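Peer 1: Predicted model, plus sequence, below.
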Amino acid sequence: MAITINIYYHGKEGNALKFAKEMIESKTVEKIRNEKGNLRYEYFMPINDPETVLLIDSWQDQDAIDLHHASPMMKTIAALREKYDLHMEIERYVNDEQGISKKDLSYARN
């Protein structure tokens, strides 16, 4: 059962974007994406809030998340959060295993 965590990083003076850029440039994002069980690790910016960056972080299951949280990269991430004085909101979603219904897909433009 896939688990997706949305983390909203809130900062000031562009610090959330600076954090995301440093995560990418330091290759930390690449290392996380290569961890066993990682399905997605991507940053996005809300159009109406330039001081927030959204991380969509998806994992195969809770065991994969637990291994990630025990990895050395968590110290790197925590240090960068401190460096940029970021605050977080977290949402957790669990895949319902049914996927997107045909009816819902009928509203999508391909």
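Peer 2: Received, thanks. Numbers count the residues shown, from 1 in each chain.
Peer 1: okay, now Trp59: neighbour count?
Peer 2: Using other Cβ atoms under 10 Å, Trp59 has 23 other residues around it. Yep, even glycine has a C-beta here, placed from its N, CA and C like the rest.
Peer 1: pretty sure it is touching Ile32, no?
Peer 2: No - look at Trp59 against Ile32 with Cβ atoms under 8 Å: they stay out of range, at 10.2 Å.
Peer 1: what's the overlap in contacts for those two?
Peer 2: Asn38, His68 (Cβ atoms under 8 Å, 6 or more residues apart in numbering).
Peer 1: burial measure for Ser71, as a count.
Peer 2: Neighbours of Ser71 (other Cβ under 10 Å): 14.
Peer 1: Which helix or strand contains it?
Peer 2: Ser71 is part of no helix or strand, with elements assigned from DSSP states H and E.
Peer 1: Please give me every residue in contact with it.
Peer 2: Per Cβ under 8 Å, 6+ apart, neighbours of Ser71: Glu35.
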